[in-house]
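Asker: Build me a structure from this.
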Amino acid sequence: MKKNDLKFDLQHIWHPYDSMKKSVTRYFVSSAHGVYLKLNNNIKLIDAMSSWWSAIHGYNFQPLNNAAIQQINKMSHVMFGGLTHAPAIKLCKELIKILPKKLECIFLCDSGSVSIEVAMKMAIQYCNTINHTKKYFLTIRHGYHGDKFSSMSICDPIISMHSLYNTVLPKNLFAQQPELSFTDSWKNNDISSFMNLIIQYKSKIIAVILEPIVQGIGGMKFYHPEYLKKVRLLCNMYNIPLILDEIATGFGRTGKMFAFEHSNIVPDILCLGKALTGGMMTLAATVTTKKIADVISNHYPYKFMHGPTFMGNPLACSVASKNISILRTQKWKIQVRRIEEFFKKKLLPLINHPRIVQIRILGAIAVIEFYSFINVTLIQKFFVNHGVWIRPFQNILYLTPPYIIKTHHLKKIITTIKYAIQNNTLFL
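Answerer: Reported below is the predicted structural model:
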């Protein structure tokens, strides 16, 4: 790193959810390998976040590197309009192998937020051929679906980081957040708010959209699988498409290949992203049924009206198809189960700490919810000084480590968290 690079970064480069005036501390990563991020001062950090859920095999994973190198020597990109290529076809074949049979029409796009946008547009085009009066999407509180304009409209309008845009966003319907957790005994009244809204607005709902089982940055809550099953039944009853946002949870993170498998249901439209390429580069997919694709294709304008420039990027498709072929070996199941068991053994005993509201664990996800907000800048500095990379938000500290992580790495992460919890200066 050149001496003035960080200074230039602070003055000219706008980072996500950050200010150009009062920026959080930035750490310069010079390389990454396995579970480690190497900083410019040769400090190595264990990445407990998988670069926001995505780097499931860690960094510099040779099979994915090889797939990228082989493809880049052929072509890194070509437009997808009127052209096709082997990497896209191979990727879609791999996806078909791991998806339920009902889901067979795949739209490749740029990122998770775009995948949500595509899903919403699909649902609108589908519904407009049947009933032109439909105008709302129905979802639940504490949801998060990305940063695109339409996707912001289905994030929680009160607690979401997008609430400052509420005056100009389209208005949608929000049921109360499910109260029952993943392990609670099921009670039918948990679905009451959702049921009341779908009955009241059934003729005006374009589609239902949810994060299955695990809600992400809206609060990292895990709800009961029966809730999702009831949602599916209600959607069937009123002939309303169900969209599931598996961008964060897909590809093994919850202990199932897809989180909706916990409820033994299948959506009508499925959004995939993040770990699709194993965290190598951006790529997403929106997958739907032949029924929805046929309705859109058989009515004016007789095509789906969306087309990103980098749709079906050959380089990303090559890496993604290799990633899925690796996941099909099922090794990830052993890795995720081991992480879950370690979290339960080492994290759950902290539940009685006076700072902690709740600890939630599912698959390779662990969440610690505190009573007070975390001083993110100070706690990140604390973690970096102890050789760990964790990025909390508000009063939530969560872990989504790479599947390849070893027990001694996990021990260091948990030990560092224990030290942090005892430090009063790290909480507001």
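
Asker: CA atoms for contacts and neighbours, from now on please.
Answerer: Fine.

Asker: Output the below-cut-off pLDDT ranges for the stretch 101-250 of the chain.
Answerer: Applying pLDDT under 70 to the stretch 101-250 of the chain flags residues 160-161.

Asker: Show the residue spans covered by the strands in it.
Answerer: Assigned by DSSP state E, counting those that start in this stretch, the strands in the stretch 101-250 of the chain fall at 103-109, 136-140, 173-175, 205-210, 242-245.

Asker: Need the residues that contact the last one.
Answerer: Strand 242-245 has contacts (CA atoms under 8 Å, 6 or more residues apart in numbering) with 116, 119, 145, 207-212, 232, 235, 267-272.

Asker: strand partners of it, parallel vs antiparallel please.
Answerer: The strands beside strand 242-245 in its sheet (DSSP bridges) come out as strand 205-210 (parallel), strand 269-272 (parallel).

Asker: Please apply the same query to the third one.
Answerer: Strand 173-175 sits in its sheet next to strand 136-140 (parallel), going by DSSP bridges.

Asker: With just CA atoms, put the strand it pairs with into CSV.
Answerer: These are the backbone C-alpha positions of strand 136-140, laid out as CSV (Å, rounded to 0.1, in the frame of the first residue of the first chain):
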residue,chain,number,x,y,z
TYR,A,136,-49.5,-4.4,-3.3
PHE,A,137,-46.8,-6.8,-2.2
LEU,A,138,-47.4,-8.4,1.2
THR,A,139,-44.5,-9.1,3.5
ILE,A,140,-43.6,-9.1,7.2
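
Asker: Pick the most deeply packed of the strands paired with strand 242-245.
Answerer: Counting by mean count of other CA atoms under 10 Å, strand 269-272 has the highest mean neighbour count of those, with a mean of 27.

Asker: now it: how far from the chain's centre is it?
Answerer: When distances are taken as CA atoms, centre = their mean, to the nearest Å, strand 269-272 is centred 11 Å away from the chain's centroid.

Asker: Against which helices or strands is the helix or strand following that strand packed?
Answerer: Using DSSP states H and E, the helix or strand that follows strand 269-272 in sequence is strand 284-289. With contacts taken as 3 or more CA pairs under 8 Å, 6 or more residues apart in numbering; DSSP states H and E, strand 284-289 sits against strand 103-109, helix 112-128, strand 269-272.

Asker: coming back round to it: can you list the strands paired with strand 242-245 in CSV and add distance to Ile359?
Answerer: Compiled in CSV, those are given as follows (distance: least, CA to CA, whole Å):
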stretch, distance to Ile359
strand 205-210, 23
strand 269-272, 27
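
Asker: ok, now which ones touch the closest residue to Thr286 other than its chain neighbours?
Answerer: The shortest distance from Thr286 to any non-neighbouring residue, by CA to CA, 6 or more residues apart in numbering, is to Cys271 (4.7 Å). Neighbouring residues of Cys271 by CA under 8 Å, 6+ apart: 112, 115-116, 119, 243-247, 284-287.

Asker: Ile324 is in contact with Leu95, correct?
Answerer: Yes: between Leu95 and Ile324 there is a contact under CA atoms under 8 Å: 7.4 Å.

Asker: Tell me which of the strands of the stretch 101-250 of the chain sits nearest to Ile396.
Answerer: strand 136-140 (19.7 Å; CA to CA).

Asker: can you pull out the helices in the chain?
Answerer: Using DSSP state H, the helices of the chain run over residues 5-12, 50-53, 62-72, 86-98, 112-128, 149-152, 192-200, 225-237, 290-297, 314-327, 331-346, 376-385, 407-422.

Asker: Now render those as TSV, adding distance to Ile361 and mean neighbour count.
Answerer: Below are the helices of the chain laid out as TSV (distance: least, CA to CA, whole Å; neighbours: other CA atoms under 10 Å):
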stretch	distance to Ile361	mean neighbour count
helix 5-12	36	13
helix 50-53	15	22
helix 62-72	29	16
helix 86-98	25	18
helix 112-128	24	24
helix 149-152	27	20
helix 192-200	25	16
helix 225-237	15	18
helix 290-297	35	17
helix 314-327	22	24
helix 331-346	7	18
helix 376-385	21	19
helix 407-422	14	16
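
Asker: circling back: quickly list what the residue nearest to Thr286 is bridged to.
Answerer: Taking DSSP bridges, one obtains Asp245, Thr286 as the residues bridged to Cys271.

Asker: Tell me the pLDDT of it.
Answerer: On the pLDDT scale, Cys271 is placed at 98.

Asker: Does Ile159 touch His142 like I think?
Answerer: Yes: using CA under 8 Å, Ile159 is in contact with His142, at 7.1 Å.

Asker: who's more crowded, the two?
Answerer: His142 (25 against 14; other CA atoms under 10 Å).

Asker: List the contacts of that one.
Answerer: 155-156, 159-160, 177, 215, 218-219.

Asker: quick one: which of those residues has the most company?
Answerer: Using other CA under 10 Å as the neighbour criterion, Cys155 leads the contacts of His142 with 27 neighbours.

Asker: and that one, what is it in contact with?
Answerer: The contact partners of Cys155, by CA under 8 Å, 6+ apart, come to 141-146, 162, 218.

Asker: Now with 10 Å, please.
Answerer: 139-147, 161-163, 172, 174, 210, 217-218 (CA atoms under 10 Å, 6 or more residues apart in numbering).

Asker: ok, now His132?
Answerer: His132 sits next to 124-125, 204, 206 when contact means CA under 10 Å, 6+ apart.

Asker: Mind telling me which residue is nearest the centre of the protein?
Answerer: Ala248 (1.8 Å; CA atoms, centre = their mean).

Asker: still on that earlier bit, present the helices of the chain as TSV; the columns should include distance to Glu261.
Answerer: TSV is the format used below for those (distance: least, CA to CA, whole Å):
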stretch	distance to Glu261
helix 5-12	43
helix 50-53	19
helix 62-72	27
helix 86-98	12
helix 112-128	20
helix 149-152	24
helix 192-200	21
helix 225-237	9
helix 290-297	21
helix 314-327	16
helix 331-346	14
helix 376-385	34
helix 407-422	27
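
Asker: Compare those and give me the one nearest Leu428.
Answerer: That would be, of the helices of the chain and by CA to CA, helix 376-385, which comes in at 9.5 Å.
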